[in-house]
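*Asks:* Predicted model and sequence follow; I will ask about them next.
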Amino acid sequence: MSPAGARQPRNENGIYTHRRIVEATLDVLASRGWGHASVAEVAERAGVTRGAVQHHFKDRDGMLTAAVQHIMDQRISRIEALRHVGRAPGDHTRAIVRHAVEMHQGPAFTAALQLCMAAADDPVLRPRVAAMELEVGARGFWALIELLQLDGNDPKVRATVQAFLDSARGLGLAGILNDDADRRTHVADRWAEMLAELR
């Protein structure tokens, strides 16, 4: 379904241009922040004219709404990809936890963070981003419960899984400022031990 303010492309060239504009919007959000995500800046980054952007999105709000939807779709795809993480005995929990931590790294996470910061002061954007965060958070939570074969009715399990996801988000914030891959691996492995103990 096309987000409000976006026109659904009907041919291959239109689909390609639409995707380039959305990806350029995410790139601008991640690298330069919300304030620079103008139609002109996005058009330049996408290598298209302002008219092309306005053909696909009726205004800046529509363009940014499409970016929110795209970020949510990407993050949900990464959650669903957890199902395909290797199931080697003894390493399954560690592999799932490391993958979940890495979901909170990279341009998509940075762009989502920029959206959250911008949404705090924007009454139009705030409910959209809040809804995205709720959906992504709930799907991630229940995916981990299922994949780690934990009892989602147990309050201790629920609190521990939520604390892990909060920690993964915190590691994502720290990773924006410094390359802390070694620390992330160490923390993820400790979380894997704690989550495995819940079974």
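*Replies:* Received the coordinates, thanks.
*Asks:* Report the secondary structure element holding the most centrally placed residue in the chain.
*Replies:* Among the residues of the chain, the one closest to the centroid is residue 75, at 3.9 Å (CA atoms, centre = their mean). Assessed by DSSP states H and E, residue 75 sits inside helix 60-80.
*Asks:* centre of the chain versus that helix, how much separation?
*Replies:* 8 Å (CA atoms, centre = their mean, to the nearest Å).
*Asks:* Not counting its own residues, what contacts it?
*Replies:* Residues from elsewhere that reach helix 60-80 (CB atoms under 8 Å, 6 or more residues apart in numbering): 2-6, 21-23, 25-26, 29, 37-39, 42, 53, 56-57, 103, 108, 111-112, 115, 124-125, 128-129, 132, 135-136, 139-140, 143. C-beta coordinates here come from the backbone N, C-alpha and C atoms, glycine included.
*Asks:* Write a ChimeraX command that selects only the buried members of these.
*Replies:* Of those, the buried ones go into a single ChimeraX selection, burial set by 16 or more other CB atoms under 10 Å:
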select :3,5,6,21,22,23,25,26,29,37,39,42,53,56,57,103,108,111,112,115,125,128,129,132,136,140,143
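*Asks:* Give me the subset of the contacts of helix 60-80 lying in helices.
*Replies:* 21-23, 25-26, 29, 39, 42, 53, 56, 108, 111-112, 115, 125, 128-129, 132, 135-136, 139-140, 143 (DSSP state H).
*Asks:* excluding its backbone neighbours, what's nearest residue 129?
*Replies:* residue 119 (3.9 Å; CB to CB, 6 or more residues apart in numbering).
*Asks:* Phi, psi for that neighbour please.
*Replies:* When read as degrees, to the nearest 10, the backbone of residue 119 gives phi -70, psi -30.
*Asks:* From residue 127, how far out is it?
*Replies:* With distances taken as CB to CB, to the nearest Å, residue 119 is found 8 Å from residue 127.
*Asks:* between the two, who's got more neighbours?
*Replies:* Neighbours were counted for residue 119 and for residue 127 using other CB atoms under 10 Å; residue 119 has more, 20 against 11.
*Asks:* Quick check: the more buried one touching residue 126?
*Replies:* Yes - Residue 119 lies in contact with residue 126 (CB atoms under 8 Å); the separation is 4.4 Å.
*Asks:* Spit out the contact partners of residue 32.
*Replies:* Here residue 32 is in contact with residue 41 (CB under 8 Å, 6+ apart).
*Asks:* And the pLDDT for it?
*Replies:* With respect to pLDDT, residue 32 scores 77.
*Asks:* Against residue 110, how distant is it?
*Replies:* Residue 32 is 11 Å from residue 110, by CB to CB.
*Asks:* and what of residue 169?
*Replies:* Note on residue 169: its distance to residue 110, by CB to CB, is 12 Å.
*Asks:* Looking at these two, which has the bigger crowd around it?
*Replies:* Per other CB under 10 Å, whichever of residue 169 and residue 110 has more neighbours is residue 110, with 20 against 16.
*Asks:* Having no further points to raise, I will conclude here.
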